[in-house]
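Peer 1: turn this into a structure:
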Amino acid sequence: MSIVLLPGDVLIWAVVSVVAVLVRYKRRDVYFRRLWFRVFQARSAMVSAVILAAFFVTALMDSLHFRIGSNGEVLSVLDVLLSHLREAQERTYSAPFALHEYTRSLVFVDAKALQRFLPLHHVDGCCFWLKSVAALAAGWLAARGFSALLERLLPLEGLPWKSARRTLYALFMFGGWLYVMSFSYHVFGTDKVGGDVFYATLKSIRTGVLIGTLSTLVTLPLALLLGMAAGYYRGWVDDAVQYLYTTLSSVPGVLLIAAGVLSMDMMMQTHPHMFTSNVQRADMRLVFLIMILGVTSWTGLCRMVRAETLKISHQEYVAAAKIFGVKGWRMMRRHILPNLTHIVLISVVLDFSSLVLAEAVLSYVGVGVDPTMYSWGNMINQARLEMAREPMVWWSLFAAFLFMFVLVLAANIFADRIQYVLDPRNEGAA
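Peer 2: I've put the predicted structure just below:
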């Protein structure tokens with residue numbers, strides 16, 4: 001067994017490391033602690049943070065890859081935990097918690113052709129209620145132990161810990177019930193080729209989280225540097241930056257992304273020796289898509305940074321710093337950038353939601369992630385034909401929509417709380 005570093009794994013773990021270092025460095029900052037304390041004082045923010053943490057932990061588990069076996073198969077920690085689902089391949093469609101296939105098949109009995117529902121191979125329909133009670137009890141005990149550990153490790157005085165604990169209990173009990181029942185049933189059914197939909201939905205979390213997080217971070221350097229330069233220097237610099245983002249905004253984003261993706265595909269086809277496996281090829285395409293989304297999504301934040309920089313440049317403390325000889329990039333780094341933090345934080349969280357949804361739209365039109373990679377967009381793209389069947393196959397679309405809806409909703413609620421706390425008009429409000 002050997003560790004495999006995929007491009008997406010390196011990037012997401014690098015982001016986690018940088019965030020951990022920044023939190024450790026800023027934890028003694030009184031303003032920093034007061035700001036985030038006010039954010040988490042709201043029950044909605046605490047619940048959203050717990051849900052977002054569950055998605056990010058799942059994505060990180062799926063971002064630890066290693067090569068195992070004589071055939072050199074590349075697996076993640078999540079693949080190991082869900083190995084029973086990965087290997088539970090059926091023949092065709094089956095509904096959630098079904099014991100038989102979804103449609104009738106032609107079988108011959110005593111030389112007679114009959115239409116029958118064939119039984120599934122990887123289900124065990126006995127003791128449903130006993131297994132459910134055991135799974136819920138195990139989830140309750142796990143949530144109780146984990147919440148007690150968090151209460152000891154984190155300073156939670158004055159925060160709505162009761163709401164966070166209830167959310168933890170709901171996640172552990174519901175998630176544990178699904179996981180335990182997945183050993184006996186296909187809890188979200190199977191797709192056209194008999195693959196487990198629950199497994200595909202969980203594997204899609206990594207794709208959504210990586211696109212939402214990394215694409216947002218790609219936009220920050222471009223938006224901050226160009227926006228601050230335009231607002232501070234003005235003149236021809238401002239004209240050049242405005243011309244650049246106005247021209248870029250005038251071109252439909254889907255066309256820019258499609259052109260980038262097609263160019264990337266051409267490059268990958270002409271240099272197949274750069275990729276040792278299909279997994280590495282698919283992950284490299286994901287990284288390229290992240291870069292393309294980031295490069296084409298910086299214009300909105302750049303406009304806001306430019307406008308805020310223009311306003312800050314006329315403040316008295318900036319004029320005083322100029323008198324003392326502070327100029328150029330030092331002025332922007334020391335006096336302007338710290339006052340743009342609220343805009344950056346709000347934009348990062350809001351852009352996260354929009355980019356997660358953008359992946360689904362791009363995969364639907366055929367310019368998203370690699371078709372062999374698990375993603376909610378690919379699931380929705382495949383489900384559009386299944387919805388036209390008779391009887392209708394609805395569970396693939398439902399599973400992808402449910403997980404994507406919960407992730408985007410939690411991110412938007414968390415962003416609303418950050419915006420409320422950072423609004424100067426709400427200073428002093430809880």
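Peer 1: so where is the stretch 301-430 of the chain shaky, pLDDT-wise?
Peer 2: 423-430 (pLDDT under 70).
Peer 1: so how far does stretch 117-130 reach from one end to the other?
Peer 2: 26 Å (Cα to Cα, to the nearest Å).
Peer 1: please, where are all the helices along the stretch 1-150 of the chain?
Peer 2: Taking DSSP state H, counting those that start in this stretch as the test, the helices found in the stretch 1-150 of the chain are 7-26, 30-40, 43-61, 77-81, 83-86, 128-153.
Peer 1: could you report the distance from Arg330 to Phe288?
Peer 2: 35 Å (Cβ to Cβ, to the nearest Å). All C-beta atoms are positioned from the backbone trio N, CA, C, and that covers glycine.
Peer 1: tell me which of those two has more neighbours.
Peer 2: Phe288 (19 against 11; other Cβ atoms under 10 Å).
Peer 1: that one: what's it in contact with?
Peer 2: Gly260, Val261, Met264 (Cβ atoms under 8 Å, 6 or more residues apart in numbering).
Peer 1: following the helix or strand the second one falls within, which helix or strand shows up next?
Peer 2: According to DSSP states H and E, Val261 maps onto helix 253-270. Under the assignment DSSP H and E, the closest C-terminal helix or strand after helix 253-270 is helix 278-295.
Peer 1: buried stuff in that next one?
Peer 2: Buried residues in helix 278-295, counting neighbours by 16 or more other Cβ atoms under 10 Å, are found at 279-290, 292-295.
Peer 1: cool, and stretch 137-147?
Peer 2: Judged by neighbour count using 16+ other Cβ under 10 Å, the buried positions of stretch 137-147 are Ala138, Gly139, Ala142, Ala143, Ser147.
Peer 1: what is the mean pLDDT for that stretch?
Peer 2: Averaging pLDDT along stretch 137-147 gives 87.
Peer 1: from the chain's centroid, how far away is that stretch?
Peer 2: A distance of 25 Å separates the centroid of the chain from that of stretch 137-147, by Cα atoms, centre = their mean, to the nearest Å.
Peer 1: again, but for stretch 95-107
Peer 2: 33 Å.
Peer 1: the closest residue to Ala138 other than its chain neighbours is in what secondary structure piece?
Peer 2: Closest residue to Ala138 apart from its sequence neighbours, by Cβ to Cβ, 6 or more residues apart in numbering: Gly176 at 5.6 Å. Element membership of Gly176 [criterion: DSSP H and E] is helix 161-181.
Peer 1: other SSEs contacting that helix?
Peer 2: helix 43-61, helix 128-153 (3 or more Cβ pairs under 8 Å, 6 or more residues apart in numbering; DSSP states H and E).
Peer 1: and the angle from the helix or strand following that helix to helix 43-61?
Peer 2: Heading C-terminal from helix 161-181, the first helix or strand you meet, by DSSP H and E, is helix 197-233. Put simply, helix 197-233 runs at 110 degrees to helix 43-61, going by axes from the mean of the first three to the mean of the last three Cα atoms, to 10 degrees.
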